[in-house]
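Undergrad: For reference, the sequence and a predicted model appear below.
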Amino acid sequence: MEGPSPTLTGIPMETRGEILSWLSYKDALACAFTCNAMNDAYVAVPGVWYRQRLHSCGSLDNPTCTWPSSSRRELLKFQEDAWRHPITVFPDGEPREIPFGTKLSDIYAISPTMLLSHLQNYSNPTAGINGEDAVQVTTFPIQVPTGGDGSLSGTMVPRSSIWNMQFSGDVIGLCSAVEEHGYMAWVIAGPNARNNNVADVCVIFEPVDGIENSSPSLQRPISWGFDILVGDEDFSMLAETSIEAISEISGQNMALTLNYEMEDQEGNLLPCVDLYIMAWQTGDSKIDGRKLSMAVSCGGLAFLAEDILLNPCTLRNRLNVYAIDSIYKDFDPDCETEQSIDTTLVCSLALPMLATGNRISAIHCKSNPNPTARNRVQKELPEFIPFVDNPSKAIVAFKIVIESEANDNGATPRTWYFWMAVRRSALREIAVRERNDNVVDSRTIPWDEWGPNVTWWRSATDSSPPQVWGQRMVLPELYFNERGEIEPNRKAVGLANFAPKMRTDSRKPSPTETAEESVTRLDHAGAFQGDVFSRLHCSSPLTEHVMNGRRILFDGKRLVAEEVVAGLDGQDTINFVPYHL
């Protein structure tokens, strides 16, 4: 039937662009040729151009493949333009709320990384299907999209698939091995029924639909567990004290910190943190003595490479870097020699000296996505994993909390919050250099020797952990109303970009551009002993939003404000308000 091309001019441009961005390159091109309105969106929305250019180069959401330099520059320009034009994806222009306890077929998809970052806040044991005991990982209706009708629901993990029906525990931590291995991991812990000095810990891995696993033999759930001895004749773990966990996976290695408390016979509490490094598929330890307990922090873990791990040390005001030097026959069939298990402290990176009477009470760190084995990057990724940057270019973000102690002068104790960011590659270069020096004892590298040239600092307003993806970091700030009062349920949000500025011509930078990349001094208001300088360049926030919500989630493509509305029946409603960048 001949006639004019059909038009969809009644649909907002942003919505048309969002529709095109989820089509393959071939289908989007055909749609643009067929429909005038869709063709206008194809040309007008930068994010669509960026995504389709990736498709035309044979890659899906992955600008890190080896193409000619001219093609890479063009792709980076499209990527930068896409990030600089925030669009909402809702036809009426208003954020859509996701109410608690409902299932919607057109709900906004949230990526596995964003899902994992906050599931542990809503975990609790519950009864499974047909009366079978299970662990309900989430109590709000969000699940990894599977490519079907887009419906989301709670995820149930049967306890029988962990150890046995008698095991009782809580989900204490989650981590993602989605991008590299196609798995999501749950860490579950519970008290041992026979020994108060022992806690049972189990780690289970569930394959994510829509992602091809790294090995055909890994198409099923994986689970393994171990016991942790947390006491002796003088100490025993409190039954009512929960265990907290932070875990990360890179290559064949899994790092896990367990934070708990012990009580002596007199009722005194002793905080404890243990660091475990294991083969993620089997749970085999890669630490001589099973665990590290000295100078270990529960604030975060960051893999600098598959075999290099960073863990902050609040007690000594430094960042500890460990080398994982074990090789396993399971992963290297050609290795016939006896394998060694040896994780060693390579070096410690000192932080700026604190002012007299101050101490660091917490250091949170985060980096996404994790490095992959031998720097492999998947060429094809599922539709729901957005903008995957090269892991080697990612930043490691830190939130540092400093407290002052009360003194004889009656001064009121103070608390300072600071952001610090550094490129993962810069930290890795330091670690590799120190490891190659073959020095028996690790050394502490002074701040002035490593820090000022590679870090970025900024004051923060609270102790919330970093939200980071690739070279971008969310900067949530307190929101002040017209009367100068803080509104706790509102956040002013900025997005900091650490990607280097791209110049497509050979001209010299202007004086203004040069000034933007000059040294900056942190106004720390007496937290540190001296000046703190930084040279890592960060562009202005790419977008500014004021959101209603107690937390802001970020997965590299979307900002999501988490809102909690108290119900009349005492049951809270959890709403998620997503924004597409």
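TA: Here it is on my side, so go on.
Undergrad: quick one, strands of the stretch 201-350 of the chain?
TA: 222-229, 235-237, 244-250, 253-264, 269-279, 302-305, 308-313, 318-324, 343-350 (DSSP state E, counting those that start in this stretch).
Undergrad: And for the stretch 401-550 of the chain?
TA: Using DSSP E, counting those that start in this stretch, strands in the stretch 401-550 of the chain cover 415-423, 443-445, 455-459, 468-469, 472-480, 486-497, 520-521, 533-534, 544-548.
Undergrad: Reformat the ones you listed as CSV; add distance to N259 and mean pLDDT.
TA: No exception for glycine: its C-beta is placed from N, CA and C like everyone else's. CSV is the format used below for those (distance: least, Cβ to Cβ, whole Å; pLDDT from 0 to 100):
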stretch, distance to N259, mean pLDDT
strand 415-423, 21, 94
strand 443-445, 24, 92
strand 455-459, 26, 92
strand 468-469, 21, 84
strand 472-480, 24, 80
strand 486-497, 26, 77
strand 520-521, 34, 85
strand 533-534, 30, 86
strand 544-548, 30, 66
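Undergrad: For I402, find the nearest of these.
TA: Taking Cβ to Cβ, strand 415-423 is the member of the strands of the stretch 401-550 of the chain nearest to I402, at 4.4 Å.
Undergrad: Check which residues of the closest one are buried.
TA: W416, Y417, F418, W419, M420, A421, V422, R423 (16 or more other Cβ atoms under 10 Å).
Undergrad: Need the strands of the stretch 401-550 of the chain in TSV (columns: distance to L29).
TA: As requested, the strands of the stretch 401-550 of the chain are exported to TSV (distance: least, Cβ to Cβ, whole Å):
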stretch	distance to L29
strand 415-423	37
strand 443-445	53
strand 455-459	40
strand 468-469	29
strand 472-480	29
strand 486-497	30
strand 520-521	45
strand 533-534	45
strand 544-548	32
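Undergrad: ok, and which of those has the densest surroundings?
TA: Across those, averaging neighbours per residue (mean count of other Cβ atoms under 10 Å) puts strand 468-469 on top, at a mean of 25.
Undergrad: Partner strands of it, with direction?
TA: Sheet pairing of strand 468-469 (DSSP bridges) gives strand 472-480 (antiparallel).
Undergrad: Run through who's touching the strand it pairs with.
TA: Under the contact criterion Cβ atoms under 8 Å, 6 or more residues apart in numbering, strand 472-480 has outside partners 83, 395, 397, 419, 421, 458, 460-462, 464, 466-468, 486-487, 490-499, 541-542, 546, 552, 554, 556, 559.
Undergrad: quick revisit: turn the buried residues of strand 415-423 into TSV, columns for distance to I360.
TA: Shown next, in TSV, are the buried residues of strand 415-423 (distance: Cβ to Cβ, whole Å):
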residue	distance to I360
W416	10
Y417	11
F418	10
W419	14
M420	12
A421	17
V422	17
R423	22
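Undergrad: Closest to W450 out of those?
TA: Nearest to W450 out of these is V422 (Cβ to Cβ; 9.3 Å).
Undergrad: Would you quantify the distance from that closest one to A41?
TA: 39 Å (Cβ to Cβ, to the nearest Å).
Undergrad: Equivalent analysis for L559, please.
TA: In terms of Cβ to Cβ, L559 sits 22 Å off from A41.
Undergrad: same thing with C202?
TA: Counting by Cβ to Cβ, the gap from C202 to A41 is 48 Å.
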